[in-house]
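Enquirer: This is the structure alone, sequence omitted:
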Ligand SMILES: [Zn+2]
């Protein structure tokens with residue numbers, strides 16, 4: 001029986017072990033998509049009684065729907081461009097990257113495009129593709145969404161066709177799904193998708209009040225319809241809102257007042273200190289690991305005393321830095337001890353931050 005307990009390992013040993021497992025998994029993934037590509041070419045899934053390779057991957061390989069989709073796409077791309085196998089194995093490309101790239105790869109661009117995508121996140125690759133293969137702007141559409149239809153009964157399929165994906169010799173196509181019983185309805189998240197250089201598509205759902213505000217903004221601006229200038233209205237509104245948020249959160253203003261005389265014993269961080277710290281730290285957590293990795297967090301940042309206030313640290317630009325909550329708490333535990341912080345604050349976020357402050 002395999003042990004899934006790693007409490008005996010040191011932090012560094014545990015990280016090394018996790019990296020070794022991830023490397024093994026990447027090699028397995030490359031081998032699996034090679035197998036799937038060959039099974040696809042021989043159409044073994046049909047012989048095995050499945051209407052599509054997609055259904056075969058779910059039934060025989062126990063992959064999830066999304067994972068089956070990705071593996072099939074990657075298998076077909078890798079069969080056309082075998083460099084993909086090695087790139088997946090050594091971690092230069094993840095499966096999501098291959099899925100994004102697949103539709104754009106040609107004999108002429110494959111080498112360069114695969115190289116450009118190496119080590120990039122999914123969103124970064126979407127930007128790369130938008131620059132190289134720009135799409136036109138989307139039309140602005142404001143539509144009322146009808147009430148959701150009642151969910152289908154168990155076993156009842158949607159009208160989608162049931163047929164296997166194209167064999168590997170054809171151009172890669174998205175697997176054709178027989179749609180499973182609908183999952184519980186979730187509120188879709190807004191999507192921002194790169195379209196072309198400096199152009200993005202935004203898709204979201206708004207409530208009635210927002211729709212009314214949008215219409216009123218257009219009326220006040222003298223625009224003929226409630227959708228004719230949505231991007232301009234959105235940008236103008238966001239500029240005002242972001243300026244207000246900056247003022248609230250980081251005391252940012254175009255017309256800073258000179259710093260007033262302050263008590264050196266005060267826990268309060270003056271606005272001019274917050275502004276200077278925010279600009280110096282680039283609006284990003286400043287924590288750097290022992291291995292040189294700087295934390296990438298930009299939201300929920302806190303002003304942290306380098307030398308803790310509880311140990312006579314002052315609210316000066318030199319003694320204040322930006323930290324995300326996790327690293328503010330990490331410093332608090334390093335300064336005062338995890339047991340002390342647990343006794344004092346339990347899971348209270350404000351309390352933990354206040355001890356550093
Ligand atoms: Zn951080």
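Expert: Happy to help now that I have it. Source: prediction; values computed, not measured.

Enquirer: For stretch 65-82, buried residues please.
Expert: 68-81 (16 or more other CB atoms under 10 Å). Bear in mind the C-beta positions are built from the backbone N, C-alpha and C, glycine included.

Enquirer: Export those as a markdown table, with columns for secondary structure and pLDDT.
Expert: Shown next, in a markdown table, are the buried residues of stretch 65-82 (DSSP: H, G, I helix; E, B strand; the rest coil; pLDDT from 0 to 100):
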| residue | secondary structure | pLDDT |
| --- | --- | --- |
| 68 | helix | 97 |
| 69 | helix | 96 |
| 70 | helix | 96 |
| 71 | helix | 97 |
| 72 | helix | 97 |
| 73 | helix | 95 |
| 74 | helix | 96 |
| 75 | helix | 97 |
| 76 | helix | 96 |
| 77 | helix | 96 |
| 78 | helix | 97 |
| 79 | helix | 96 |
| 80 | helix | 96 |
| 81 | coil | 97 |
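
Enquirer: mind checking pLDDT for residue 267?
Expert: With respect to pLDDT, residue 267 scores 70.

Enquirer: Check residue 3 too.
Expert: pLDDT at residue 3 comes out at 82.

Enquirer: go on, residue 211?
Expert: For residue 211, the pLDDT comes out at 90.

Enquirer: and what of residue 160?
Expert: 36.

Enquirer: Out of the buried residues of stretch 65-82, which two sit at the greatest distance?
Expert: Longest distance between any two of those is 20.8 Å, between 68 and 81; criterion CB to CB.

Enquirer: Can you classify the residue nearest to the spatial centre of the chain as helix, strand or coil?
Expert: What sits nearest the mean C-alpha location of the chain, by CA atoms, centre = their mean, is residue 123, with 7.2 Å. Under DSSP: H, G, I helix; E, B strand; the rest coil, residue 123 falls in the helix class.

Enquirer: same question, residue 192
Expert: Residue 192 ends up strand, using three-state DSSP.

Enquirer: That one against residue 200, yeah?
Expert: Yes: at 5.3 Å, residue 192 counts as touching residue 200 under the criterion of CB atoms under 8 Å.

Enquirer: who's more crowded, the two?
Expert: Neighbours per residue (other CB atoms under 10 Å) separate residue 192 from residue 200, with residue 200 holding more: 16 against 11.

Enquirer: Tell me if the more buried one really is in a strand.
Expert: Yes: the assignment for residue 200 is a strand, going by three-state DSSP.

Enquirer: can I assume it is in contact with residue 191?
Expert: No: contact criterion CB under 8 Å: residue 200 and residue 191 do not qualify, at 9.8 Å.

Enquirer: Between those two, which contacts overlap?
Expert: Any residue near both residue 200 and residue 191 by CB atoms under 8 Å, 6 or more residues apart in numbering counts here, and not one turns up.

Enquirer: Phi first, then psi, for residue 296.
Expert: Main-chain torsions, residue 296, degrees, to the nearest 10: phi -100, psi 0.

Enquirer: How many neighbouring residues does it have?
Expert: By other CB under 10 Å, neighbour count at residue 296 equals 8.

Enquirer: ok so, going back, state the distance from the residue nearest to the centre of the chain to the ion.
Expert: In this view, residue 123 and the ion are 20 Å apart by CB to the ion, to the nearest Å.

Enquirer: What separation do you get for that residue and residue 114?
Expert: Separation of residue 123 from residue 114 (CB to CB, to the nearest Å): 18 Å.

Enquirer: so who does residue 317 touch?
Expert: Residues in contact with residue 317 (CB under 8 Å, 6+ apart) are 273, 276-277, 280.

Enquirer: Nearest to the ion among those?
Expert: Nearest to the ion among the contacts of residue 317 is residue 277, at 14.8 Å by CB to the ion.

Enquirer: what helix or strand does the closest one sit in?
Expert: helix 271-280 (DSSP states H and E).

Enquirer: Show me which residues of that helix are buried.
Expert: Buried residues in helix 271-280 (16+ other CB under 10 Å): 271-278.

Enquirer: cool, stretch 32-48 as well?
Expert: Quick answer for stretch 32-48 (16+ other CB under 10 Å): 32-34, 36-37, 39-40, 45.

Enquirer: distance of residue 48 from the ion?
Expert: From residue 48 to the ion the distance is 49 Å (CB to the ion).

Enquirer: Do you know the pLDDT at the residue nearest to the centre of the chain?
Expert: So residue 123 comes in at 93 (pLDDT).

Enquirer: With residue 164 instead?
Expert: pLDDT at residue 164 comes out at 38.

Enquirer: Then residue 199?
Expert: Reading off the model, residue 199 has pLDDT 93.
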